[in-house]
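*Asks:* can't give you the sequence, but here's the structure:
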């Protein structure tokens, strides 16, 4: 069961997509919400960006206004009270990397985090938050597209399956959501040059059947750079409400590197996605 949800509230972008999804999830599972904001700051411009005024201006362009952050927390608290959902709030203030790492640490005490998809057209210091949560929190993440409107619906789920560790982790992390679905689809996307069909998705179907969950299996082929488009196209055709998908990546020497399909999904996502690493 889901009893704790960390809600990462954006300060410099609309918060409604993530707030609406989190509120609806909390209502469905009688869960506690923790609303968190980050005030991203540059500690020392001489150290952080060097003496150039132009570079300093670029770096501090996205510093967070603490008054705006407090305003987001107040809106969150008001919405939670109106919905009679138990909620607490918190604020992290630090440089972007350290703040995101702290947010990931806070999220380890929640069943899942809810966070907004990064928007390449509106860059800010939180643009790496979602990938930090995915790779460093150790918990599943609900990534909400910035175009999303309204509550999260769980009626129809699309499970993305490749037989790998991350896909298995996402599947089992999503079980509380899948139990509320009326329809579950699963897709396996292979290279058109693969020598044999992936049979592990049939094992997935048998596994979920033991939990009383019926699955419709879909097979597709796509070149490596088009896997995300194949998944999202099927989701649109089926009318899926959310994805369940493994998130691939690693963090060598503190740098975050997402796998190809995961990275493209971050940029192209059109419906919410429960992702696990």
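*Replies:* Cool, the structure landed. What you see is a predicted model; the values in this text were computed from it and never measured.
*Asks:* Poorly predicted segments of the stretch 51-200 of the chain, please.
*Replies:* Confidence mapping of the stretch 51-200 of the chain against pLDDT under 70 gives the ranges 51-62, 195-198.
*Asks:* so where do the strands sit in it?
*Replies:* Under the criterion DSSP state E, counting those that start in this stretch, strands of the stretch 51-200 of the chain are mapped to 87-94, 112-116, 141-144, 156-160, 183-190.
*Asks:* okay if I get those strands as a markdown table plus mean neighbour count and distance to residue 234?
*Replies:* Just so you know, the C-beta spots here come from the backbone N, C-alpha and C atoms, and that holds for glycine as well. What follows is the strands of the stretch 51-200 of the chain, written out as a markdown table (neighbours: other Cβ atoms under 10 Å; distance: least, Cβ to Cβ, whole Å):
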| stretch | mean neighbour count | distance to residue 234 |
| --- | --- | --- |
| strand 87-94 | 16 | 36 |
| strand 112-116 | 28 | 24 |
| strand 141-144 | 27 | 18 |
| strand 156-160 | 25 | 7 |
| strand 183-190 | 20 | 6 |
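*Asks:* nearest to residue 273, of the ones you listed?
*Replies:* Smallest distance to residue 273 across the strands of the stretch 51-200 of the chain (Cβ to Cβ): 4.9 Å, for strand 141-144.
*Asks:* Run the chain-centre distance for stretch 112-127.
*Replies:* If you compare the mean C-alpha spot of stretch 112-127 with that of the full chain, they lie 9 Å apart, counting by Cα atoms, centre = their mean, to the nearest Å.
*Asks:* can I assume residue 150 is in contact with residue 20?
*Replies:* Yes - here residue 150 reaches residue 20: they are 5.7 Å apart, a contact under Cβ atoms under 8 Å.
*Asks:* out of the two, which sits in the busier spot?
*Replies:* When residue 150 and residue 20 are compared on other Cβ atoms under 10 Å, the one with more neighbours turns out to be residue 20, at 18 against 10.
*Asks:* who touches the residue nearest to that one when sequence neighbours are not counted in this structure?
*Replies:* Leaving aside its chain neighbours, residue 20 sits nearest to residue 151 (5.2 Å; criterion: Cβ to Cβ, 6 or more residues apart in numbering). Contacts for residue 151 (Cβ atoms under 8 Å, 6 or more residues apart in numbering) come out as 20, 21, 23, 24.
*Asks:* Confirm residue 204 sits in a strand?
*Replies:* No - inclusion of residue 204 in a strand is not indicated when DSSP: H, G, I helix; E, B strand; the rest coil is applied; the result is helix.
*Asks:* burial count for the residue nearest to it when sequence neighbours are not counted?
*Replies:* Residue nearest to residue 204 in three dimensions, not counting chain neighbours: residue 161, with 5.4 Å by Cβ to Cβ, 6+ apart. As a burial measure, the neighbour count of residue 161 was computed by other Cβ under 10 Å and equals 26.
*Asks:* Got phi/psi on residue 161?
*Replies:* The phi and psi torsions at residue 161 (degrees, to the nearest 10) take the values phi -130, psi 130.
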